[in-house]
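1. Sequence first, then the predicted structure:
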Amino acid sequence: MTQIHVDLPENLVSYVGFELGPTDWVSITPKVVIQFAGATRNNPKILPQGSPVPTILPVALIGKFISELVDVGDYKLRVNYGLNNARFLTPIFKGDRIRALISIGRVTETGSDYVEVEFNVVIEVEGKPQPGSTVIVIYRYYK
C-alpha cells in the first residue's frame, strides 16, 4: 500500500498524478448496510446476502479511504467541498469487498485561506474487472 505524509497541505502538489493505494479491503456486511441506512434515515430493509447496496454507500467511505492513504499535517479544518464526475459502473452487493485507488489530480492554493485538492478515486470491487465507481472528490484544507 502506497501512503504519503506531508507537513502542509500545499506540499501535496509534489504528488499530483502519483497513484496511492490500494487501501485495505472493506467488507460490505449487512451491518455496514444497516448503519449506512440508519445514518441516511433510509428504511434499512433486511435484504439477503448478495443484494445490491445503495450506489452512494461506497462514495460515503471515500473519506475513510483518503485518510488511510494521505496524512496531512498542519491545517485547521478539512472540508469535503464536493464531488465531480461520479460514475457508478458496476453494482456492489452485500458481501462484496471494496477498496480504493487514489491519485491527486490537482492542488490549488487560493490565497492564504485554504488549499483545494482534487482526489481521483477508483473504487474496486474484489473479483470484478470493472470498478464499482469512479469519482473526483474535492477537499479544502483551511490553514
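-> Perfect, thanks for sending it.
2. Poorly predicted segments of this structure, please.
-> Along the chain, segments meeting pLDDT under 70 span 41-50.
3. same thing but 80
-> 1, 37-51, 111-112 (pLDDT under 80).
4. just the strands in it please.
-> 4-6, 19-20, 26-27, 70-72, 77-88, 97-110, 114-125, 133-142 (DSSP state E).
5. which residues sit in contact with the closest residue to Thr108 other than its chain neighbours?
-> Excluding its sequence neighbours, the residue lying closest to Thr108 (CB to CB, 6 or more residues apart in numbering) is Glu116, at 4.6 Å. Just so you know, the C-beta spots here come from the backbone N, C-alpha and C atoms, and that holds for glycine as well. Residues near Glu116 by CB atoms under 8 Å, 6 or more residues apart in numbering: Tyr81, Arg106, Val107, Thr108, Thr110, Ile138, Tyr139, Arg140, Tyr141.
6. was I right about the first one contacting Ile136?
-> Think Tyr81. No. Using CB atoms under 8 Å as the test, Tyr81 is too far from Ile136 to be in contact (10.9 Å).
7. Now for the residue most central in space within the chain: which residues touch it?
-> Geometric centre of the chain, nearest residue: Ile62, 1.8 Å, by CA atoms, centre = their mean. Applying CB under 8 Å, 6+ apart to Ile62 gives the contacts Ala100, Phe119, Val121, Ile123, Val135, Val137.
8. surely the first one meets Val125?
-> No. Distance between Ala100 and Val125: 11.0 Å, which falls outside the contact criterion (CB under 8 Å).
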